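Trainee: Have a look at this prediction, sequence included:
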Amino acid sequence: MPRPYTVLIVNPATGVERRFTIFPRRVLIAAGILLALPILAGLAVRWSARAETAALRATAATLQAENDSFRSMTRALTDQIEGVQSAVAQLSVDSKLDPDSARALERLPSAVRAGAMGGSAISTPIARSVLAPTLASPDDTFGMLREVLGRLGSRLDLVRNEVQRRAALAASTPSVWPSEGNLSAGFGSRVDPFDGRLAHHTGIDISAPRGQSVHATAAGTVISADWNGDYGRMVVIDHGFGLVTRYGHLQDFAVKPGDKVGRMQLIGHIGSTGRATGPHLHYELLVSGQMTNPLRLLTDPRR
């Protein structure tokens with residue numbers, strides 16, 4: 001390193017002298033520091049900008065991920081809501097019964113209706129069980145909504161099952177007349193036309209011309225189509241839910257055992273086979289194995 005320099009300054013008027021010693025090393029260091037300060041400041045600003053940019057990018061990425069997540073959850077909730085709305089609309093359609101079927105359904109014994117419909121316990125209301133917790137974030141809100149819609153969907157499934165079983169019970173309820181004709185004998189005690197004694201009549205008799213159509217009074221399965229003693233040719237149909245109908249004195253059969261039949265489907269024709277005084281249909285209804293007056297479920301009041 002160069003040696004120090006001494007600078008002498010003399011005032012000619014007064015003769016005062018001033019001496020200054022210059023150290024080149026120190027001067028170089030100070031100059032280097034002065035030159036480095038702007039560079040360091042620029043680097044600091046650049047590093048700060050980079051850090052802020054990185055932080056902003058991280059924040060933007062987080063917000064984008066949250067936005068994508070919210071969009072996905074919103075689409076899922078929209079699909080759930082549309083599914084619930086569709087289910088409600090379909091239930092509104094499925095739950096409607098024609099007035100005759102509804103009246104016949106109401107006339108069924110309560111035990112039959114209860115057994116057919118089952119029962120679903122409704123637990124704590126959704127608003128009380130789900131909406132009670134405090135919602136701390138949007139995720140909590142979406143989670144709560146999903147849970148509400150999920151529980152509502154489960155309730156709708158239960159209601160849908162009940163509606164379907166109600167519709168099936170209505171379709172299986174013998175509510176239409178099996179044949180056109182006049183009611184010639186009712187259910188209960190009557191005088192036997194053969195021996196003149198008082199006897200219990202287990203069904204109703206419908207007088208009609210020989211060969212007139214006989215129809216199933218509800219949907220069901222044919223369990224018998226054969227000769228049955230005094231009843232002659234008889235068709236027996238099991239409608240489910242403990243409901244069975246019998247059609248006696250037929251001239252012929254249009255169905256066979258095992259056939260699935262619908263309401264008003266042809267099953268045979270009016271005859272006078274078996275113990276009969278003339279062509280007519282003997283029609284019986286059994287509810288849970290008990291003989292029941294068929295007129296209880298028939299919906300045409302003019303008969």
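Mentor: Perfect, I can see it now. Numbers count the residues shown, from 1 in each chain.
Trainee: When you work out contacts or count neighbours from here on, use the C-alpha atoms and nothing else.
Mentor: OK.
Trainee: you'd agree residue 233 is up against residue 250?
Mentor: Yes: Residue 233 is in contact with residue 250 according to CA atoms under 8 Å; the separation is 5.0 Å.
Trainee: joint contacts of these two?
Mentor: With contacts defined as CA atoms under 8 Å, 6 or more residues apart in numbering, the residues shared by residue 233 and residue 250 are residue 273.
Trainee: between those two, which one's more packed in?
Mentor: residue 250 (31 against 22; other CA atoms under 10 Å).
Trainee: tell me the contacts of the more buried one?
Mentor: 232, 233, 234, 268, 269, 270, 271, 272, 273, 281.
Trainee: For the third one, give its distance to residue 15.
Mentor: Distance of residue 234 to residue 15, given as CA to CA, to the nearest Å: 155 Å.
Trainee: Going by how many neighbours each has, rank those two and give me the top one.
Mentor: Counted by other CA under 10 Å, residue 234 and residue 15 do not tie: residue 234 has more neighbours, with 27 against 9.
Trainee: The host helix or strand of that one packs against which elements?
Mentor: Using DSSP states H and E, residue 234 falls within strand 233-240. In terms of contacts (3 or more CA pairs under 8 Å, 6 or more residues apart in numbering; DSSP states H and E), strand 233-240 is packed against strand 220-227, strand 243-253.
Trainee: Among those strands, which comes closest to residue 277?
Mentor: For those, distance to residue 277 was read as CA to CA. The smallest value, 10.3 Å, belongs to strand 243-253.
Trainee: Given that closest one, what are its sheet partners and their directions?
Mentor: Partners of strand 243-253 in the sheet, by DSSP bridges, are strand 233-240 (antiparallel), strand 266-270 (antiparallel), strand 280-287 (antiparallel).
Trainee: neighbouring contacts of the shortest one?
Mentor: The one in question is strand 266-270. Residues contacting strand 266-270 (CA under 8 Å, 6+ apart): 208-216, 235, 249-255, 279-281.
Trainee: Would you write a ChimeraX line that selects the buried entries of those?
Mentor: Buried members of the contacts of strand 266-270, defined by 16 or more other CA atoms under 10 Å, are picked up in ChimeraX with:
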select :208,210,211,212,213,214,215,216,235,249,250,251,252,253,255,279,280,281
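Trainee: most centrally placed residue in this protein?
Mentor: residue 157 (3.5 Å; CA atoms, centre = their mean).
Trainee: same for the helix or strand harbouring residue 112, what does it pack against?
Mentor: Per DSSP H and E: residue 112 is located in helix 110-117. Applying 3+ CA pairs under 8 Å, 6+ apart, one finds that helix 110-117 contacts helix 138-171.
Trainee: May I have the phi/psi pair for the residue nearest to residue 200 when sequence neighbours are not counted?
Mentor: Once flanking residues are discounted, residue 200 sits nearest to residue 189: 4.4 Å by CA to CA, 6 or more residues apart in numbering. Main-chain torsions, residue 189, degrees, to the nearest 10: phi -70, psi 140.
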